[in-house]
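Trainee: need a structure here:
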Amino acid sequence: MIAIENNQPLTWLDILGFSLTLFGIAYESIADYQLMQFKNDIKNRGKLLQSGLWKFSRHPNYFGELLVWWGFFITTLATGIYFNLIAPLLMTFLILKFSGVTLLEANLIKKLDGYNNYKKKVNTLIPRFWRT
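Mentor: Residues are numbered from 1 along each chain as shown. Sure thing, here's the model as predicted:
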């Protein structure tokens with residue numbers, strides 16, 4: 001209802017939130033595409049993807065997904081409805097501590113040689129473009 005009945009102009013928060021959401025969708029899509037291309041090449045079986053976005057963070061697809069959730073939240077700030085903070089906080093918690101990173105990394109450590117070394121060099125979620 002707010003979106004339908006709101007005649008207010010876009011705020012800088014709306015623009016920031018939309019931009020973050022779109023960037024997150026693109027970032028996650030690129031990361032997923034790079035991973036799919038890597039996995040589809042039979043020469044890469046049992047190897048670790050360490051190029052593209054995966055050179056800058058171990059889970060760039062999750063980073064992109066979280067940008068989408070936080071972008072959605074930022075677009076709601078101008079409405080004054082702050083309970084919307086629950087969704088990005090919950091998704092961040094689930095991805096970092098419950099279903100995403102924690103389970104995946106436990107499996108990758110067992111499955112891929114060199115993952116522990118990769119883990120020491122590359123940040124978990126937030127990309128470090130300045131450190132390659």
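Trainee: now do the contacts for Gly24.
Mentor: With contact taken as C-beta atoms under 8 Å, 6 or more residues apart in numbering, Gly24 is in contact with Gly64, Glu65, Leu66, Leu67, Val68, Trp69, Trp70, Gly71. Every C-beta, even on glycine, is put in place using the N, C-alpha and C of the backbone.
Trainee: between those, which sits nearest Gln8?
Mentor: Gly71 (19.0 Å; C-beta to C-beta).
Trainee: just the element for the closest one, please.
Mentor: Assigned by DSSP states H and E, Gly71 belongs to helix 60-76.
Trainee: cool, and Leu35?
Mentor: Here Leu35 is assigned to helix 12-40, by DSSP H and E.
Trainee: one step back: quick one: contacts of the helix holding Gly71?
Mentor: Contacts of helix 60-76 (C-beta under 8 Å, 6+ apart): 13-14, 16-32, 35, 53-54, 57, 84-85, 87-88, 91-92, 95, 100-101, 125-127.
Trainee: any idea how far the residue lying closest to Ser51 once chain neighbours are set aside is from Asn7?
Mentor: Using C-beta to C-beta, 6 or more residues apart in numbering and skipping residues adjacent in sequence, the residue nearest Ser51 is Gln34, 7.6 Å away. As judged by C-beta to C-beta, to the nearest Å, Gln34 and Asn7 stand 42 Å apart.
Trainee: nearest residue to Gly52 in space, please, no chain neighbours.
Mentor: Gln34 (4.2 Å).
Trainee: quick check: buried residues in stretch 8-19?
Mentor: Asp14, Gly17 (16 or more other C-beta atoms under 10 Å).
Trainee: same check, this time on stretch 61-81
Mentor: 61-78.
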